[in-house]
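> return atomic coordinates for the entry below.
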Amino acid sequence: MTDFAVTNTIVADNQASGIWIHPSGTGTVNATLNRVELYHNDIDGLAVEDTLFTGALLSGMFVAVDESVAAGNGSVGFEVVAPASHGPAFLDVIRSVSANNTKAFVSGVSGVLRVGQSEIFGNAVTWSGQVGSYGDNYVSENLDSNPPAPLGVTGRI
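Numbering: from 1, shown residues only. Alright, predicted model coming up:
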């Protein structure tokens, strides 16, 4: 098992992704990002990738993001790169901002990305793939007319 945290950090102007979580092998990865700012990176703000990783039953990648910003990145603000037969990979983004990226939120088929209490503003694409909403986001001025999350409202109790 691997656990790590990033807090009170600015990551900007990289020629790749701002933060790229890309483990290999099997097991469990638990990551927490709190008050992390990801600006003007050439690819993604945050990329969680499981292409070299396979979690067993009740394991996988579990990434929680709180009070963070992904803005002005060249591709995706928050992304789970999760092709079939890998994973699982889970990313929750709460009380955060995804603004002025090409895409705000994207998740592949073996991942799930959920968004709550967050602002999604000024992106070309609001969300794509396995993305769900807790139903309490502020979604406006995205070029794709602010569609509902592909997985709909999920997980809020």
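
> tell me the centre residue of the chain?
Nearest to the mean C-alpha position of the chain, by C-alpha atoms, centre = their mean, lies Phe78 at 3.1 Å.

> low-confidence ranges, this protein, go.
For the chain, the stretches with pLDDT under 70 are 55-58, 155-157.

> what are the bridge partners for the residue nearest to the centre of the chain, then?
Phe78 has the following beta-bridge partners by DSSP bridges: Leu46, Phe105.

> give the contact list for it.
If a contact means C-beta atoms under 8 Å, 6 or more residues apart in numbering, then Phe78 has 44-46, 65, 70, 91, 93, 96, 98, 104-106, 113 as its contacts. (Each C-beta comes from the backbone N, C-alpha and C, glycine too.)

> just the buried subset of those, please.
Buried residues within the contacts of Phe78, counting neighbours by 16 or more other C-beta atoms under 10 Å: 44-46, 65, 70, 91, 93, 96, 98, 104-106, 113.

> from those, which single one is nearest Ala12?
Nearest to Ala12, judged by C-beta to C-beta, of these is Gly45 at 9.7 Å.

> okay, the closest one and Gly135: tell me how far apart.
From Gly45 across to Gly135, the span is 23 Å (C-beta to C-beta, to the nearest Å).
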